[in-house]
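S.K.: what would the 3D arrangement of this be:
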Amino acid sequence: MLGMVFAALSLFAQAFGGSWTCTGGYHWNIAPAPSNAWTIVQWGPRSADGGAAHVGYVAKLHKWIYEDFHGDGSYATNSSQGPSGGAWTWSGTYYTAQTVSHGSVVWKRTNAKRIDRTFNYTVNGKPRQAHDSCTSI
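M.R.: Numbers count the residues shown, from 1 in each chain. Next comes the predicted model:
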């Protein structure tokens, strides 16, 4: 039973774990947190231009959560039902000092060496979309 629980809790790390170079030259490191089932996503430099996220499954909610803390003080909170069709769709809210935006981010491992992400969000009532990608180092 414990093996099945561990496998379910580490799906995100299994899907996206590794070191990556992403759009804009940012470096990402995605790895299981020591001694537990959470995944840590560290990205960018250790400055206002970087950040860290914690990803894990919350059994009482029956959802995955992605709590993203940015070095500039902005913050995102997202949830997902988990993988579907090879993609993870995260929905939630992104807070900055100036704006609050709502939307979704789709993470997809397009091959062994690439992650593609699509952002669909609304700012001040206006829909927007952005894309980025990461390649393994």
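
S.K.: where does pLDDT dip in the chain?
M.R.: The chain contains residues with pLDDT under 70 at 1-9, 35-36.

S.K.: okay, helices next: where are they in it?
M.R.: 2-9, 11-16 (DSSP state H).

S.K.: how far out from the middle of the chain is the shortest one?
M.R.: Taking CA atoms, centre = their mean, to the nearest Å, the mean C-alpha location of helix 11-16 is offset from the chain mean by 11 Å.

S.K.: identify all contacting residues around that helix.
M.R.: 30-32, 39, 55-57, 64, 82-83, 88, 107, 109, 115 (CB atoms under 8 Å, 6 or more residues apart in numbering). Backbone N, C-alpha and C define where each C-beta goes, glycine included.

S.K.: if any of the residues you listed are buried, put those into a ChimeraX selection.
M.R.: The command below creates a ChimeraX selection of those among the contacts of helix 11-16 that count as buried (16 or more other CB atoms under 10 Å):
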select :30,32,39,55,56,57,64,83,88,107,109,115
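
S.K.: okay if I get the contacts of helix 11-16 as CSV plus distance to Gln98?
M.R.: Shown next, in CSV, are the contacts of helix 11-16 (distance: CB to CB, whole Å):
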residue, distance to Gln98
Ile30, 28
Ala31, 32
Pro32, 34
Thr39, 29
Val55, 26
Gly56, 29
Tyr57, 32
Trp64, 28
Gly82, 32
Pro83, 33
Trp88, 28
Trp107, 26
Arg109, 33
Ile115, 28
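
S.K.: go through the contacts of helix 11-16 and flag which are in strands.
M.R.: 30-32, 39, 55-57, 64, 83, 88, 107, 109, 115 (DSSP state E).

S.K.: contact partners for the residue nearest the centre of the chain?
M.R.: Central residue of the chain (CA atoms, centre = their mean): Tyr66, 5.9 Å from the mean position. The contact partners of Tyr66, by CB under 8 Å, 6+ apart, come to 53-55, 76-80, 90, 92.

S.K.: which of the residues you listed sits closest to Ser19?
M.R.: Nearest to Ser19, judged by CB to CB, of the contacts of Tyr66 is Ala53 at 15.4 Å.
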